[in-house]
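S.K.: Provide a 3D model corresponding to the input given below.
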Amino acid sequence: MPQHYDPLLARVLAGMLGAIITLIGVFTFIQPIAPGHLIFGLFQVDDVHAGFHLATGALGIIGALIPPQRFAPRYLLAMGLLYGTLTIAGFISGGDFFNVTFFNMNDDLLHAVVAVAALAMCFLIVLLQPEAFFEPSQNLWHN
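M.R.: The predicted structure follows:
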């Protein structure tokens, strides 16, 4: 008997991740928190970098609040892959990301933590609720 997919866990996790990523983007514009474009004196940010965090974080918040119900787990997967790619690009580029934005080593490590956390949340959902990603298959032999 196929189980009914309950999107609550995926939505809560996507909303939490989205809120944290959005908060990082907001911190960029608060001078006492990010003097000299360094959040807490550790993470190098600029407007492009902040915009990226605001956009990807907002997607998680929106995905947590509105249908379709399978958006939230796919958001977690996408953020894991995207931030993982950013981590690798940051390590390879040495901080200059195609002369568009800049990362420092702390940014690369934070991006790695976000990637691992998002993929771990995604994996948890797949283990607990595989229906979040996969439609229950139709049994062609029985009605």
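S.K.: strand partners of the helix or strand of the chain with the lowest mean pLDDT, parallel vs antiparallel please.
M.R.: The weakest-scoring helix or strand in the chain, judged by mean pLDDT, DSSP states H and E, is strand 96-97 (a mean of 79). Strand pairing for strand 96-97, using DSSP bridges, gives strand 101-102 (antiparallel).
S.K.: so for the partner strand, mean pLDDT?
M.R.: Average pLDDT, strand 101-102: 84.
S.K.: now swap in stretch 122-141 and tell me
M.R.: pLDDT averaged over stretch 122-141 gives 72.
S.K.: run through who's touching the least confident helix or strand of the chain.
M.R.: Ala89, Gly90, Phe102, Phe103 (CB atoms under 8 Å, 6 or more residues apart in numbering). Using the backbone N, CA and C atoms, a C-beta is placed for each residue, glycine as well.
S.K.: now the two most distant members of the residues you listed.
M.R.: Spatial extent of the contacts of strand 96-97 (CB to CB) is set by the pair Ala89 and Phe102 at 11.9 Å.
S.K.: quick one: which of the two has more around it?
M.R.: Phe102 (18 against 14; other CB atoms under 10 Å).
S.K.: any idea how far that one is from Val126?
M.R.: Distance, Phe102 to Val126, using CB to CB, to the nearest Å: 35 Å.
S.K.: check the spatially most central residue of the chain and give its pLDDT.
M.R.: The C-alpha lying nearest the average C-alpha coordinate of the chain belongs to Met79 (CA atoms, centre = their mean; 3.4 Å). On pLDDT, Met79 comes in at 97.
S.K.: does it lie in a helix or a strand, and which?
M.R.: Assigned by DSSP states H and E, Met79 falls within helix 71-93.
S.K.: by contact count, what packs against that helix?
M.R.: helix 8-27, helix 47-65, helix 105-128 (3 or more CB pairs under 8 Å, 6 or more residues apart in numbering; DSSP states H and E).
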